[in-house]
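# Please work out how this folds:
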Amino acid sequence: MNILSFLGLAVIVGAFVTAFNSADGVSASDYIQTSGMAVVVGGMIGATLLKSSASDFKAGMSLLPRCFMNPMSPIKLIDQLVEFAGIARKDGLIALESQEVSHPYLAKGVQLLVDGQKPEIIAKTLDAESDAQITREKHGASVWAYMGEVAPAMGMVGTLVGLVALLNNMDSQAALTSGMATALLTTLYGAVLANALALPIANKMRIQSEVEQLNRQIIQEGVGFIQTGGNPRVLQDLLASYIPPDQASKLSLNG
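This is a model prediction of the structure:
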């Protein structure tokens with residue numbers, strides 16, 4: 001669980017609820033304007049669907065839960081690879097079949113080792129899968145980034161809609177108030193959706209994609225080394241170069 005993601009979401013909600021209820025004579029319900037929400041949210045989603053392919057949009061939605069979870073730690077991953085290297089050196093590659101593997105990409109690599117595939121086949125398979133995953137993550141993050149770009153524009157569209165309604169009903173106090181509310185609140189909705197949700201989510205997806213890409217590089221290096229039957233200590237020293245020195249000191253063999 002990514003505590004910072006939940007904390008950030010809670011702070012956003014708390015800050016806006018406090019702001020909405022702090023003004024005299026105004027409550028949070030006064031900031032809910034159905035037609036304004038329809039323009040901004042509907043326009044944002046519609047424009048995103050029009051821009052994206054089905055696979056890109058699906059990738060963007062499927063990556064959303066990952067923003068609230070932590071990627072597997074490189075330290076844990078290196079420790080597991082070093083452990084597998086020791087097992088394979090002692091009992092052979094087939095002994096890895098009974099090991100529990102928590103990372104799906106590592107599970108793929110271990111299965112290729114157990115199946116006795118040639119080194120070039122393993123390298124090519126893992127490279128292809130990593131490249132495909134990078135593309136999916138990049139396109140998924142771009143969906144949320146585009147939502148962040150288009151939401152303020154839809155807020156401005158809603159503002160223009162509200163102004164038209166306001167100018168066409170200058171003689172009606174109720175219509176004047178409704179038009180002004182639509183004009184102002186749609187700008188607010190667009191700014192909040194873009195800067196408090198869509199853009200932060202897109203950025204977190206990019207960062208987590210980079211972390212996962214590093215993990216896959218570590219796995220590729222480790223799987224190739226395990227296949228050669230090398231010394232686990234040498235493998236740890238090799239993989240430790242992928243992480244900062246302060247983290248390398250936390251590896252099991254160093255501990």
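# Centre-most residue in the protein?
Centroid-nearest residue in the chain: Met205, 2.6 Å away (criterion: Cα atoms, centre = their mean).
# Was I right to think that one contacts Met147?
No. At 11.8 Å, Met205 and Met147 do not qualify as touching, with contact defined as Cβ atoms under 8 Å. In this view, the C-beta of every residue, glycine as well, is placed from N, C-alpha and C.
# Let me see the confidence value for the residue nearest to Met180 when sequence neighbours are not counted.
Using Cβ to Cβ, 6 or more residues apart in numbering and skipping residues adjacent in sequence, the residue nearest Met180 is Leu166, 5.7 Å away. Looking at Leu166, its pLDDT is 71.
# shaky segments in the stretch 101-250 of the chain?
Counting by pLDDT under 70, the stretch 101-250 of the chain contains low-confidence residues at 170-179.
# now the helices for it?
104-114, 119-168, 173-192, 199-228, 232-239, 245-248 (DSSP state H, counting those that start in this stretch).
# in stretch 56-64, what counts as buried?
Across stretch 56-64, burial judged by 16 or more other Cβ atoms under 10 Å covers Asp56, Phe57, Ala59, Gly60, Leu63.
# Kindly report the same for stretch 125-143.
Leu126, Glu129, Ser130, Gln133, Arg136, Glu137, His139, Gly140, Ala141, Ser142, Val143.
# What of stretch 233-247?
Under the neighbour-count criterion of 16+ other Cβ under 10 Å, stretch 233-247 has Leu235, Gln236, Leu238, Leu239, Ala240, Tyr242, Ile243 buried.
# Among those, which pair sits farthest apart?
For the buried residues of stretch 233-247, the farthest-apart pair by Cβ to Cβ is Leu235 and Ile243; their separation is 13.7 Å.
# List the contacts of Asp56.
Neighbouring residues of Asp56 by Cβ atoms under 8 Å, 6 or more residues apart in numbering: His139, Gly140, Ser142, Val143.
# In CSV: those residues, plus distance to Ile45.
Below are the contacts of Asp56 laid out as CSV (distance: Cβ to Cβ, whole Å):
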residue, distance to Ile45
His139, 17
Gly140, 16
Ser142, 15
Val143, 11
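# Please identify which of the residues you listed is nearest to Asp91.
Nearest to Asp91 out of these is Gly140 (Cβ to Cβ; 39.9 Å).
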